[in-house]
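Just the structure for this:
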Amino acid sequence: MMVGMRSLLRLPYLAILFVFSLPMASAQTSSDASSIMTAVEASHDAPLTTDPSASFWQNTQPVFITGDTFGNPVPSHRTEVRSRWTKDSLYLLYIAPYEQLNLKPSPSTTTETFQLWNWDVAEAFIGSDFNNIKLYKEFELSPQGEWVDLDINLDKMGDKNAWKWNSGFQVSARIDREHRIWYGAMRIPFSSINSQATAKEGQKFRINLFRCQGPEATRHYLSWQPSMSKTFHVPEHFGTLVLGGPVSDSR
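Have a look, this model is predicted:
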């Protein structure tokens, strides 16, 4: 069954899983450099900042979201994503140019926003299980600082509580309207991704990065690793997050 992209992301979350959950093989993560994201180690946790000039965000190894879910270039929305990590947390910074924002009226930054994906968001899907790739976590952040996190199991089409899971992740966002760029930062506890392991240099995770951008008539669905589908939920096409070593840090 095929569903139009604009209609797809406005369906209830579980309907998306029902339409697109197909039998999947075990993970075959590409070793191509373009599918690898290396997070730089930080010596300690730091206040979450959306300022890309802050020392915490320097000397990273960013990746770029450059196209849509089928790999077609969308140069006007080339999105930089920087990453760092500590023993407790993964940090992500999105630097997201836009043409026109699609923002939810009356936003709440103190409670989780169900179906936040109907508006402008930056997203990270992260999994630690390389054998059962249908299991992963979903983290979303809006330009207004709204958030939602989901515990995804593509085998559980009837689970209405996926979005009620609480990872404890933190977000910060701001909009630079003069330059038409919004900035979004996440701090994700590693314990929410894999409660059985301690983060360490060289550790790998499965990851993909996304954006939903703009009003419905001109909406873009952007993907770091193309899902080759009209949905983001295709874990066979995730890339790899590697926890790299430290760099010189003046903080």
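
Just the helices from the stretch 1-150 of the chain, written as ranges.
5-8, 13-20 (DSSP state H, counting those that start in this stretch).

By mean pLDDT, show me the worst of the ones you listed.
Set side by side, the helices of the stretch 1-150 of the chain give their lowest mean pLDDT on helix 5-8, at a mean of 36.

what residues does stretch 65-81 touch?
5, 37, 62-64, 92-99, 122, 209-211, 213, 220-224, 226-232 (Cβ atoms under 8 Å, 6 or more residues apart in numbering). (Each C-beta comes from the backbone N, C-alpha and C, glycine too.)

same thing but 7 Å
With Cβ atoms under 7 Å, 6 or more residues apart in numbering as the test, stretch 65-81 has contacts from 62-64, 92-99, 209, 211, 213, 220-224, 226-230, 232.

can you check stretch 236-249 too?
Residues contacting stretch 236-249 (Cβ under 7 Å, 6+ apart): 24, 29, 35-43, 59, 85, 125-127, 133, 199-208, 224-228.

Now intersect these with the strands, please.
Of these, the ones assigned to strands by DSSP state E are 36-41, 85, 125-127, 204-208.

Any of those buried? List them.
Neighbour counting by 16 or more other Cβ atoms under 10 Å classes 36-41, 85, 125-127, 205-208 among these as buried.

May I see those organised as CSV, with pLDDT and distance to residue 161 added?
Below are those laid out as CSV (pLDDT from 0 to 100; distance: Cβ to Cβ, whole Å):
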residue, pLDDT, distance to residue 161
36, 98, 33
37, 98, 29
38, 98, 34
39, 98, 30
40, 98, 35
41, 97, 34
85, 98, 29
125, 98, 18
126, 98, 19
127, 97, 19
205, 97, 24
206, 98, 23
207, 98, 24
208, 98, 23
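
Dump these into TSV; add distance to residue 68 as well.
Converted to TSV, these look like this (distance: Cβ to Cβ, whole Å):
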residue	distance to residue 68
36	21
37	19
38	24
39	25
40	28
41	32
85	28
125	16
126	21
127	22
205	24
206	21
207	18
208	13
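
that older thread, whichever of the contacts of stretch 65-81 end up buried, select them in PyMOL.
Per 16+ other Cβ under 10 Å, the buried members of those correspond to this PyMOL selection:
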select buried, resi 63+92+93+94+95+96+97+98+209+211+213+220+221+222+223+224+226+227+229+230+232
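
Filter the contacts of stretch 65-81 down to just the ones in strands.
Those of those mapping onto strands are 63-64, 92-97, 209, 211, 213, 220-223, per DSSP E.

quick one: which two of these are the most distant?
Across the ones in strands among the contacts of stretch 65-81, no pair lies farther apart than 93 and 221, at 20.9 Å, counting by Cβ to Cβ.

Can you list the low-confidence ranges for the stretch 101-250 of the chain?
The model of the stretch 101-250 of the chain has pLDDT under 70 over residues 157-158, 248-250.

which among the ones in strands among the contacts of stretch 236-249 gets closest to residue 181?
Looking across the ones in strands among the contacts of stretch 236-249 and measuring by Cβ to Cβ, the closest to residue 181 is residue 37, at 20.8 Å.

So what sits opposite the closest one in the bridge?
Counting by DSSP bridges, residue 37 forms beta bridges with residue 241.

State the distance from it to residue 225.
According to Cβ to Cβ, to the nearest Å, residue 37 stands 10 Å off from residue 225.

surely residue 46 meets residue 57?
No: with contact defined as Cβ atoms under 7 Å, residue 46 and residue 57 do not form a contacting pair (9.7 Å).
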